[in-house]
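Student: how would this look folded up:
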Amino acid sequence: MSAMIAPTRMEEVDPLPRYWCAGDPFETRFLEAMSLLAPEVERFVIGAVRAGAGGAGDPSIAAGCAGFIREEADHSRVHHAFNRRLALQQINVPAVVARVRRLMKLAERWLPVSGRLAVAAACEHLSALLSIWYLRAARKDRIVCADTRRMFESHAREEISHRAFVFDLLRRTGGGGLAARVLALLSVSVAGAWCTLRVVGDLSRRDPRQAGSALSAGGLFRLLRSEDWVPFPALVRGWLTFLRPGFHPSDLPDA
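Tutor: Predicted coordinates:
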């Protein structure tokens, strides 16, 4: 596991500008949705890693898991601070993430440890891809709040730095076969896209310049086609690498 990067500390003072990403309503709501979802995903990943560490029976693995969990918990604290700033815009954060939390709890209840680790590894793969996509994008430089820009950049670099940890834990506990990776990646991708668009839609309905889920889908299509973000085919190629025989997360670039 690589050395951890100290998380950016977010000052909880001023409300955010309404459209703080390039003045664009959809892109702002999309990044807000990413921040709202991050603690929920990290809570699931932490639970899966904690369960996997208990089954590994190796003190060195347990120590590595403890470090990983601390880093993920730091991520969540930073995002919770940012999300409380969203509440200043009359956004009911608990209500917005409620359905996502229910979905995660269902997965925790019904999946065995190996299945939870496979899902967590798929989550970490997608997080690393999105982090690479974000760091390479010229559009991020048009985020008007310097502390917000630093938060997303710091989190992206940390996600990339520990992209292999959960996958390695999965393999050490006897999982990570192709069938498990296919099922995990498909389920995480579908659930992630659905949850993200639902959250963006919920945020958009509170905005007089937006019209809910229909505009969210159109905004996502426009974002993926934008030359200021990473081309969509590059994301698809990165997505497919998770299914390649002999895949390891270290195959992904550092940014």
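Student: Quick check: A118 touching L186?
Tutor: No - in this structure, A118 is not within contact of L186 by CB atoms under 8 Å, at 11.2 Å. C-beta coordinates here come from the backbone N, C-alpha and C atoms, glycine included.
Student: Looking at the two, which one has more neighbours?
Tutor: A118 (28 against 12; other CB atoms under 10 Å).
Student: Summarise which helices and strands the helix or strand hosting that one is packed against.
Tutor: Assigned by DSSP states H and E, A118 belongs to helix 113-136. Applying 3 or more CB pairs under 8 Å, 6 or more residues apart in numbering; DSSP states H and E, we find helix 113-136 packed against helix 25-56, helix 93-110, helix 146-161, helix 165-172, helix 178-204, helix 232-241.
Student: Format these as CSV; extra columns: distance to S250 and mean pLDDT.
Tutor: Listed next are the helices and strands packed on helix 113-136 as CSV, based on distance: least, CB to CB, whole Å; pLDDT from 0 to 100:
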stretch, distance to S250, mean pLDDT
helix 25-56, 18, 89
helix 93-110, 26, 88
helix 146-161, 11, 93
helix 165-172, 9, 93
helix 178-204, 16, 90
helix 232-241, 11, 87
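Student: Looking at the ones you listed, which is nearest to G67?
Tutor: Closest approach to G67 among these is made by helix 165-172 (8.9 Å; CB to CB).
Student: From G246, how far out is the nearest residue to E72 once chain neighbours are set aside?
Tutor: Distances taken as CB to CB, 6 or more residues apart in numbering put E42 closest to E72, at 4.6 Å, once the chain neighbours are dropped. Look at E42 and G246: by CB to CB, to the nearest Å, they are 28 Å apart.
Student: Give me the more crowded residue out of those two.
Tutor: The residue with more neighbours, out of E42 and G246, is E42; 21 against 5, by other CB under 10 Å.
Student: That one contacts S76, correct?
Tutor: Yes - taking contacts as CB under 8 Å, E42 lies within contact range of S76: 5.0 Å.
Student: List the buried residues in stretch 47-64.
Tutor: Across stretch 47-64, burial judged by 16 or more other CB atoms under 10 Å covers G47, A48, V49, R50, A51, G52, A53, A56, I61, G64.
Student: If you could redo that for stretch 71-81, that was the one I meant.
Tutor: Of all the residues in stretch 71-81, those buried under the rule 16+ other CB under 10 Å are E71, E72, D74, H75, S76, V78, H79, H80, A81.
Student: same for the helix or strand hosting the last one, what does it pack against?
Tutor: Assigning secondary structure by DSSP H and E places A81 in helix 59-87. Contacts defined by 3+ CB pairs under 8 Å, 6+ apart place helix 59-87 against helix 25-56, helix 93-110, helix 146-161, helix 165-172.
Student: In contact with the residue nearest to E72, which residues?
Tutor: Contact analysis of E42 by CB atoms under 8 Å, 6 or more residues apart in numbering lists E72, A73, H75, S76.
Student: burial measure for P233, as a count.
Tutor: P233, neighbours per other CB under 10 Å, totals 9.
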